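J.: model the following, please.
(chains A and B)
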Amino acid sequence: AQKITQTQPGMFVQEKEAVTLDCTYDTSDPSYGLFWYKQPSSGEMIFLIYQGSYDQQNATEGRYSLNFQKARKSANLVISASQLGDSAMYFCAMREGPGNTPLVFGKGTRLSVIA
Amino acid sequence: DTAVSQTPKYLVTQMGNDKSIKCEQNLGHDTMYWYKQDSKKFLKIMFSYNNKELIINETVPNRFSPKSPDKAHLNLHINSLELGDSAVYFCASSQIGAQPQHFGDGTRLSIL
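T.: Modelled structure (predicted):
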(Lines give C-alpha, C1' and ligand atoms only; values in the text may rest on other atoms or scores of the structure.)
Protein backbone atom coordinates (compact mmCIF):
# COMPACT_ATOMS: atom_id res chain seq x y z
CA ALA A 1 0.00 0.00 0.00
CA GLN A 2 1.18 3.49 -0.77
CA LYS A 3 2.25 5.42 2.28
CA ILE A 4 1.74 8.82 0.67
CA THR A 5 -1.01 9.44 -1.84
CA GLN A 6 -1.33 12.56 -3.94
CA THR A 7 -4.44 12.12 -6.07
CA GLN A 8 -4.02 15.21 -8.27
CA PRO A 9 -1.43 14.67 -11.00
CA GLY A 10 -2.00 18.22 -12.24
CA MET A 11 -3.76 21.36 -11.04
CA PHE A 12 -4.44 24.76 -12.53
CA VAL A 13 -5.06 27.92 -10.53
CA GLN A 14 -5.61 31.53 -11.47
CA GLU A 15 -3.03 34.01 -10.28
CA LYS A 16 -3.93 35.54 -6.88
CA GLU A 17 -6.34 32.71 -6.07
CA ALA A 18 -5.82 30.10 -3.34
CA VAL A 19 -5.23 26.45 -4.17
CA THR A 20 -5.26 23.25 -2.12
CA LEU A 21 -3.02 20.32 -2.97
CA ASP A 22 -4.18 17.04 -1.47
CA CYS A 23 -2.11 14.54 0.45
CA THR A 24 -3.16 11.49 2.44
CA TYR A 25 -0.81 9.26 4.33
CA ASP A 26 -0.75 5.83 5.91
CA THR A 27 1.25 4.90 8.98
CA SER A 28 0.78 2.99 12.20
CA ASP A 29 3.62 4.83 13.91
CA PRO A 30 2.27 7.40 16.41
CA SER A 31 5.29 9.64 15.83
CA TYR A 32 5.77 10.95 12.32
CA GLY A 33 6.41 14.11 10.40
CA LEU A 34 4.85 15.43 7.23
CA PHE A 35 6.67 17.65 4.77
CA TRP A 36 5.92 19.51 1.59
CA TYR A 37 8.60 20.22 -0.99
CA LYS A 38 8.47 22.30 -4.17
CA GLN A 39 10.42 21.31 -7.26
CA PRO A 40 10.51 24.04 -9.93
CA SER A 41 11.51 23.29 -13.52
CA SER A 42 15.13 24.04 -12.59
CA GLY A 43 15.04 20.80 -10.59
CA GLU A 44 16.03 21.66 -7.02
CA MET A 45 13.99 20.48 -4.04
CA ILE A 46 12.81 23.35 -1.86
CA PHE A 47 11.42 22.68 1.61
CA LEU A 48 8.14 24.52 2.23
CA ILE A 49 6.48 23.42 5.43
CA TYR A 50 6.51 20.78 8.17
CA GLN A 51 3.83 19.28 10.44
CA GLY A 52 4.59 16.94 13.32
CA SER A 53 2.12 14.28 14.35
CA TYR A 54 1.89 15.71 17.87
CA ASP A 55 1.54 19.31 16.79
CA GLN A 56 -1.76 20.74 17.95
CA GLN A 57 -1.91 23.59 15.51
CA ASN A 58 -1.72 23.57 11.74
CA ALA A 59 1.65 24.72 10.42
CA THR A 60 1.92 27.98 8.51
CA GLU A 61 4.85 29.53 6.64
CA GLY A 62 4.06 32.75 4.84
CA ARG A 63 1.61 31.97 2.01
CA TYR A 64 1.79 28.24 2.77
CA SER A 65 -0.37 26.50 5.33
CA LEU A 66 -0.89 22.85 6.06
CA ASN A 67 -4.42 21.62 6.72
CA PHE A 68 -3.65 18.72 9.05
CA GLN A 69 -6.55 16.37 9.77
CA LYS A 70 -5.07 13.58 11.84
CA ALA A 71 -8.14 11.37 12.05
CA ARG A 72 -8.51 11.45 8.27
CA LYS A 73 -4.74 11.08 7.81
CA SER A 74 -4.60 14.01 5.49
CA ALA A 75 -2.08 16.84 5.23
CA ASN A 76 -3.20 19.15 2.47
CA LEU A 77 -1.09 22.11 1.39
CA VAL A 78 -2.86 25.41 0.93
CA ILE A 79 -1.15 28.11 -1.10
CA SER A 80 -2.80 31.50 -0.77
CA ALA A 81 -2.56 34.33 -3.33
CA SER A 82 -0.92 32.17 -6.01
CA GLN A 83 1.91 33.68 -8.01
CA LEU A 84 3.29 32.71 -11.40
CA GLY A 85 6.45 31.57 -9.65
CA ASP A 86 4.45 28.96 -7.76
CA SER A 87 4.20 26.86 -10.93
CA ALA A 88 6.13 23.70 -10.07
CA MET A 89 5.87 20.10 -8.90
CA TYR A 90 4.82 19.74 -5.28
CA PHE A 91 5.68 16.68 -3.25
CA CYS A 92 4.17 15.53 0.02
CA ALA A 93 6.50 13.37 2.11
CA MET A 94 6.46 11.56 5.43
CA ARG A 95 9.10 10.58 7.94
CA GLU A 96 8.00 7.73 10.20
CA GLY A 97 9.30 7.59 13.75
CA PRO A 98 11.07 10.26 15.78
CA GLY A 99 14.55 9.68 14.41
CA ASN A 100 16.37 10.41 11.22
CA THR A 101 14.50 8.05 8.95
CA PRO A 102 14.33 8.68 5.20
CA LEU A 103 11.39 10.44 3.63
CA VAL A 104 8.72 8.56 1.74
CA PHE A 105 7.38 10.69 -1.10
CA GLY A 106 4.11 10.90 -2.93
CA LYS A 107 4.05 10.99 -6.72
CA GLY A 108 3.67 14.73 -6.78
CA THR A 109 1.23 17.30 -8.13
CA ARG A 110 2.15 19.61 -10.98
CA LEU A 111 0.71 23.05 -10.27
CA SER A 112 0.31 25.54 -13.07
CA VAL A 113 -0.53 29.14 -12.20
CA ILE A 114 -2.33 31.02 -14.97
CA ALA A 115 -2.12 34.78 -15.42
CA ASP B 1 26.90 29.43 1.16
CA THR B 2 25.56 26.23 -0.34
CA ALA B 3 24.22 23.91 2.36
CA VAL B 4 24.26 20.62 0.41
CA SER B 5 26.36 20.57 -2.73
CA GLN B 6 26.58 17.83 -5.31
CA THR B 7 28.98 17.44 -8.18
CA PRO B 8 28.64 17.09 -11.06
CA LYS B 9 25.28 18.60 -11.94
CA TYR B 10 25.14 16.70 -15.23
CA LEU B 11 26.75 13.38 -16.07
CA VAL B 12 26.51 11.88 -19.55
CA THR B 13 28.26 8.58 -20.10
CA GLN B 14 28.07 5.28 -21.90
CA MET B 15 26.70 1.97 -20.73
CA GLY B 16 29.24 -0.11 -18.88
CA ASN B 17 31.24 2.81 -17.52
CA ASP B 18 31.90 3.53 -13.84
CA LYS B 19 31.10 6.96 -12.43
CA SER B 20 30.98 8.80 -9.10
CA ILE B 21 28.85 11.57 -7.68
CA LYS B 22 30.12 13.61 -4.76
CA CYS B 23 28.09 15.22 -2.00
CA GLU B 24 29.10 17.55 0.79
CA GLN B 25 27.03 19.29 3.45
CA ASN B 26 28.15 22.17 5.65
CA LEU B 27 25.15 22.10 8.00
CA GLY B 28 26.74 19.91 10.66
CA HIS B 29 24.05 17.27 10.14
CA ASP B 30 24.58 13.71 11.33
CA THR B 31 22.58 11.93 8.66
CA MET B 32 22.97 11.92 4.89
CA TYR B 33 20.92 10.27 2.18
CA TRP B 34 20.87 9.39 -1.49
CA TYR B 35 17.55 9.49 -3.32
CA LYS B 36 16.79 8.56 -6.92
CA GLN B 37 14.17 10.45 -8.97
CA ASP B 38 13.01 8.50 -12.01
CA SER B 39 11.66 9.76 -15.31
CA LYS B 40 8.16 10.01 -13.80
CA LYS B 41 9.51 12.28 -11.06
CA PHE B 42 9.06 9.65 -8.35
CA LEU B 43 11.60 10.03 -5.54
CA LYS B 44 12.81 7.01 -3.65
CA ILE B 45 15.40 6.50 -0.93
CA MET B 46 18.49 4.53 -1.88
CA PHE B 47 20.83 4.85 1.11
CA SER B 48 20.96 6.49 4.50
CA TYR B 49 24.12 7.10 6.53
CA ASN B 50 24.35 8.28 10.11
CA ASN B 51 27.74 9.47 11.34
CA LYS B 52 29.49 7.59 8.53
CA GLU B 53 27.63 4.36 9.25
CA LEU B 54 25.29 2.78 6.70
CA ILE B 55 21.80 2.66 8.18
CA ILE B 56 19.55 1.90 5.26
CA ASN B 57 20.14 0.20 1.93
CA GLU B 58 16.88 -0.02 0.04
CA THR B 59 17.42 -3.06 -2.18
CA VAL B 60 19.72 -1.14 -4.43
CA PRO B 61 21.87 -3.26 -6.80
CA ASN B 62 25.37 -3.77 -5.45
CA ARG B 63 26.71 -1.87 -8.48
CA PHE B 64 25.88 1.17 -6.36
CA SER B 65 28.34 1.72 -3.54
CA PRO B 66 28.03 4.70 -1.21
CA LYS B 67 31.06 5.88 0.74
CA SER B 68 31.13 8.28 3.65
CA PRO B 69 34.68 9.36 4.54
CA ASP B 70 33.31 11.67 7.24
CA LYS B 71 29.89 12.83 8.34
CA ALA B 72 29.98 15.84 6.02
CA HIS B 73 30.51 13.78 2.86
CA LEU B 74 28.58 11.00 1.19
CA ASN B 75 29.71 9.94 -2.25
CA LEU B 76 28.00 7.53 -4.62
CA HIS B 77 29.96 5.27 -6.92
CA ILE B 78 28.18 3.36 -9.67
CA ASN B 79 29.83 0.47 -11.52
CA SER B 80 28.86 -0.93 -14.91
CA LEU B 81 26.23 1.69 -15.65
CA GLU B 82 23.02 0.49 -17.27
CA LEU B 83 20.37 2.34 -19.26
CA GLY B 84 17.97 2.04 -16.33
CA ASP B 85 20.34 4.03 -14.13
CA SER B 86 19.39 7.18 -16.04
CA ALA B 87 17.74 9.41 -13.43
CA VAL B 88 18.30 12.41 -11.21
CA TYR B 89 20.18 11.54 -8.02
CA PHE B 90 19.68 13.75 -4.99
CA CYS B 91 21.84 13.94 -1.92
CA ALA B 92 20.20 15.19 1.28
CA SER B 93 21.07 15.69 4.92
CA SER B 94 19.18 16.14 8.16
CA GLN B 95 19.56 16.40 11.89
CA ILE B 96 17.48 14.41 14.35
CA GLY B 97 14.14 15.88 15.34
CA ALA B 98 11.70 18.01 13.43
CA GLN B 99 14.26 19.45 11.05
CA PRO B 100 13.54 19.06 7.34
CA GLN B 101 15.90 17.27 5.03
CA HIS B 102 17.98 19.66 2.98
CA PHE B 103 18.54 18.57 -0.59
CA GLY B 104 21.34 19.19 -3.02
CA ASP B 105 20.46 20.43 -6.49
CA GLY B 106 20.60 16.94 -7.96
CA THR B 107 22.81 15.17 -10.50
CA ARG B 108 21.18 14.31 -13.80
CA LEU B 109 22.73 11.06 -15.00
CA SER B 110 22.15 10.12 -18.65
CA ILE B 111 23.33 6.80 -20.02
CA LEU B 112 23.88 6.60 -23.77
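
J.: hey, where'd the strands end up in chain A?
T.: The residue ranges that make up the strands of chain A, judged by DSSP state E, are A:4-5, A:10-14, A:19-21, A:24-25, A:32-39, A:46-52, A:60-61, A:64-69, A:74-79, A:88-96, A:104-105, A:109-114.

J.: tell me who's in contact with A:Pro9.
T.: For A:Pro9, the contacting residues are A:Lys107, A:Gly108, A:Thr109, A:Arg110, by Cβ atoms under 8 Å, 6 or more residues apart in numbering or on different chains. Any C-beta I mention is one placed from the backbone N, CA and C, and that applies to glycine too.

J.: among those residues, which one has the most neighbours?
T.: Taking other Cβ atoms under 10 Å in any protein chain shown as the neighbour criterion, A:Gly108 ranks highest of these with 24 neighbours.

J.: got the phi and psi for it?
T.: With angles defined as degrees, to the nearest 10, A:Gly108 sits at phi 90, psi 160.

J.: picking up where we left off before, biggest separation within the contacts of A:Pro9, which pair?
T.: Of all pairs drawn from those, the widest gap by Cβ to Cβ lies between A:Lys107 and A:Arg110 and measures 10.3 Å.

J.: sketch out the low-pLDDT regions of chain B for me.
T.: Judged against pLDDT under 70, the low-scoring parts of chain B cover residues B:1-2, B:97-98.

J.: what's the separation between the spatially most central residue of chain B and A:Gly43?
T.: With the centre of chain B defined as its mean C-alpha position, the nearest residue by Cα atoms, centre = their mean is B:Trp34, 3.3 Å away. Using Cβ to Cβ, to the nearest Å, B:Trp34 is found at 16 Å from A:Gly43.

J.: what about the closest residue to A:Ser41 other than its chain neighbours, neighbour count?
T.: Sequence neighbours aside, A:Ala88 is the residue nearest to A:Ser41 in space, at 7.1 Å (criterion: Cβ to Cβ, 6 or more residues apart in numbering or on different chains). Look at A:Ala88: counted by other Cβ under 10 Å, it has 19 neighbours.

J.: now do the contacts for residue 51.
T.: Picked chain A for this. Residues in contact with A:Gln51 (Cβ under 8 Å, 6+ apart) are A:Gly33, A:Leu34, A:Phe35, A:Asn58, A:Ala59, A:Leu66, A:Phe68, A:Ala75.

J.: look at chain B instead
T.: Contact analysis of B:Asn51 by Cβ under 8 Å, 6+ apart lists B:Asp30, B:Thr31, B:Lys71.

J.: switch the cut-off to 10 Å
T.: For B:Asn51, the set of contacting residues under the criterion of Cβ atoms under 10 Å, 6 or more residues apart in numbering or on different chains consists of B:Asp30, B:Thr31, B:Met32, B:Ser68, B:Asp70, B:Lys71.

J.: can you check B:His77 too?
T.: Applying Cβ under 10 Å, 6+ apart, the residues contacting B:His77 are B:Asp18, B:Lys19, B:Ser20, B:Ile21, B:Lys22, B:Arg63, B:Phe64, B:Ser65, B:Pro66, B:Lys67.

J.: among those residues, which pair sits farthest apart?
T.: In those, two members sit farther apart than any others by Cβ to Cβ. They are B:Lys22 and B:Arg63, at 17.8 Å.

J.: which of these two has more neighbours?
T.: Neighbour count, other Cβ under 10 Å: between B:Lys22 and B:Arg63, B:Lys22 has more, with 17 against 13.
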